[in-house]
Structures are given as structure tokens and as C-alpha cells.
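Colleague: Here is my input, please return the structure:
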Amino acid sequence: MTYDWQAGLVFLAVLIALTKIIKFFVFKVPALEQERLKNMEVWKEKRKLDKYKKVMQQTRSAGMYTNLVFILLVCPFFINLAPQPIWKIFLDLFIILMVYDFVYYLTHRFVFHGQGFFRKIHAVHHQARDVTFIDAHYVHPLETFVGVFLFVSTIPMLTLVLGPFHAVTVALAFLVFTQLNIINHCKVELPFFPFKTVSWISARHNAHHENMHKGNYATITLLYDKVFGTFC
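Modeller: As a prediction, this is how the structure comes out:
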């Protein structure tokens with residue numbers, strides 16, 4: 001196991017570049033820019049609340065430090081720049097996301113929606129109703145740490161079986177992980193092609209926020225909810 005700093009730099013560069021490129025082009029679409037502005041209006045009101053200021057500051061710190069430890073100290077041990085076919089990159093991407101989402105589904109359903117301490121921790125996030133993108137960050141810092149840790153620990157665990165992943169594969173997985181978590185919380189009302197699916201995803205997560213007893217526990221896909229009968 002070697003610390004591949006070059007692969008680490010490529011991972012970081014690809015992640016930053018793709019995030020900026022996608023953000024730039026997505027909001028060039030008039031319908032999506034309109035939805036962004038609607039979310040921003042709600043954000044301006046919610047950010048005035050003291051509880052939002054405090055929790056979001058703590059959450060950002062928890063997420064930032066956990067991500068930095070992963071990016072700088074952990075990730076370079078489990079990625080490389082060995083040439084790989086495109087199909088292998090996307091197959092590994094699929095495996096990472098599906099394994100993480102299964103672990104997250106179990107954690108969300110039986111730990112955060114169980115009884116006791118972690119249920120109270122998760123209840124902070126469920127204070128949000130009629131969610132918009134800002135509510136993706138309205139999370140108790142301990143829950144933020146657990147959520148990020150579940151994802152970043154998926155990478156080294158899988159490398160024990162599959163070997164190191166390409167830097168681009170992990171960058172894509174990290175991008176999907178972060179952006180889908182935000183999309184889940186966006187208020188999107190575009191019930192027409194090609195945005196109907198995004199609106200549907202948003203509506204399903206909003207239903208989860210309305211009642212902690214409802215399902216929809218996964219975050220990348222609702223496949224596990226359908227398989228285990230918790231889809232609502």
C-alpha cells in the first residue's frame with residue numbers, strides 16, 4: 001500500500017473541475033436557473049434563523065475536516081493512475097455507489113430512525129419541512145461526520161477486494177455522492193422531460209422529511225427501499 005500523491009492531485013483536480021463545469025452549464029438551462037432562484041429565496045429567509053446559523057456552521061466544519069482527512073491522508077493510499085478502460089471506471093463507480101448506498105440505507109433506517117441517541121441526533125435534520133437545498137446542510141455535525149465517514153470508508157473497504165481504484169473513478173463517485181445529497185433536498189417542480197426524474201426524487205425525499213416513520217431511507221437510489229419494502 002503506497003501513498004500515491006500524484007493520483008491524489010488528479011483526484012482533487014478532477015473533482016474541482018467537474019464540480020465547476022457542471023454547475024456552470026446546469027444553470028445555463030433556464031428552467032433549472034429558475035428553480036435555483038426559488039430555492040435561494042427560501043434560503044434567504046431560513047438563514048436568518050439562529051438555529052440555521054449555528055447548525056450549518058458546525059456541520060460545515062464537521063464535513064470539511066472529515067473530507068480533508070480523507071482527501072489528504074486516506075484517499076491517496078487507495079487510488080492510482082494505472083490505465084483502465086472506460087467501462088472499468090464506470091463499473092467501479094457503480095459498485096462504490098451501490099455498496100455505499102446499501103450501508104447508508106441500513107444506517108439511516110436502523111440507526112438514525114431507531115431508538116435512542118442517534119434518533120435524537122437525526123431529529124435535528126427532520127426539523128426541516130418543505131425542504132430546499134439549504135436543508136442538505138441543516139444536519140447535526142455528528143450525523144454529518146457519520147454520513148461522510150460511511151462514504152469515505154467504502155473506498156478502502158472495497159479496495160481490499162477489488163484492488164485500488166482509478167483516481168477518476170473515486171472523483172466521480174465523490175461528485176455523485178455530494179451532489180445527489182443536495183439534489184435530494186432541492187425544491188424542484190419541473191414535471192416534464194428531461195427534469196421529471198429530478199422532481200420525483202425531490203418529492204420522495206420531501207415526503208421522508210414530512211414523517212420520520214416514512215421510508216425512502218437510501219440516498220443515491222431508491223432501489224433498496226423498493227427491495228426491502230420501505231418505498232413510499
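Colleague: Does I96 touch T169 like I think?
Modeller: Yes. Taking C-beta atoms under 8 Å as the contact criterion, I96 and T169 are neighbours in contact, 7.3 Å apart. All C-beta atoms are positioned from the backbone trio N, CA, C, and that covers glycine.
Colleague: in this structure, which spans are helices?
Modeller: 5-26, 30-46, 50-69, 86-107, 117-125, 141-162, 167-185, 196-210, 223-227 (DSSP state H).
Colleague: What residues of the third one count as buried?
Modeller: The neighbour-count criterion (16 or more other C-beta atoms under 10 Å) identifies 52, 55-56, 59, 62-63, 66-67 as the buried residues of helix 50-69.
Colleague: now do the fourth one
Modeller: Along helix 86-107, these residues count as buried under the neighbour rule (16+ other C-beta under 10 Å): 89, 92-93, 95-98, 100-102, 104-105, 107.
Colleague: I'd like those laid out as JSON lines, including distance to L72.
Modeller: Formatted as JSON lines, the buried residues of helix 86-107 follow (distance: C-beta to C-beta, whole Å):
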{"residue": "I89", "distance to L72": "23"}
{"residue": "D92", "distance to L72": "22"}
{"residue": "L93", "distance to L72": "22"}
{"residue": "I95", "distance to L72": "24"}
{"residue": "I96", "distance to L72": "20"}
{"residue": "L97", "distance to L72": "23"}
{"residue": "M98", "distance to L72": "27"}
{"residue": "Y100", "distance to L72": "20"}
{"residue": "D101", "distance to L72": "25"}
{"residue": "F102", "distance to L72": "27"}
{"residue": "Y104", "distance to L72": "24"}
{"residue": "Y105", "distance to L72": "29"}
{"residue": "T107", "distance to L72": "25"}
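Colleague: For E45, state which of the residues you listed is nearest.
Modeller: For these, the minimum distance to E45 (C-beta to C-beta) is 29.9 Å, reached by Y104.
Colleague: Could you pull up the contacting residues of that closest one?
Modeller: 147, 150-151, 217-220 (C-beta atoms under 8 Å, 6 or more residues apart in numbering).
Colleague: helices and strands of the protein: which one has the lowest mean pLDDT?
Modeller: Across the helices and strands of the chain, mean pLDDT, DSSP states H and E gives its lowest value to helix 196-210, namely a mean of 81.
Colleague: Give me the residues contacting that helix.
Modeller: With contacts defined as C-beta under 8 Å, 6+ apart, helix 196-210 is touched by 126, 128-131, 135, 183-191, 214-217, 222, 232.
Colleague: buried residues in that helix?
Modeller: Those would be 198-199, 201-202, 204-206, 208-209, for helix 196-210 by 16+ other C-beta under 10 Å.
Colleague: what angle separates that helix from helix 30-46?
Modeller: 20 degrees (axes from the mean of the first three to the mean of the last three C-alpha atoms, to 10 degrees).
Colleague: From C186, how far off is T2?
Modeller: Distance of T2 to C186, given as C-beta to C-beta, to the nearest Å: 40 Å.
Colleague: And these two? Which one has more around it.
Modeller: Neighbour totals were compared for T2 and C186, and C186 leads with 23 against 9 (other C-beta atoms under 10 Å).
Colleague: For the more buried one, which non-adjacent residue is spatially closest?
Modeller: F133 (4.7 Å; C-beta to C-beta, 6 or more residues apart in numbering).
Colleague: The one you found touches V188, doesn't it?
Modeller: No. In this structure, F133 is not within contact of V188 by C-beta under 8 Å, at 9.6 Å.
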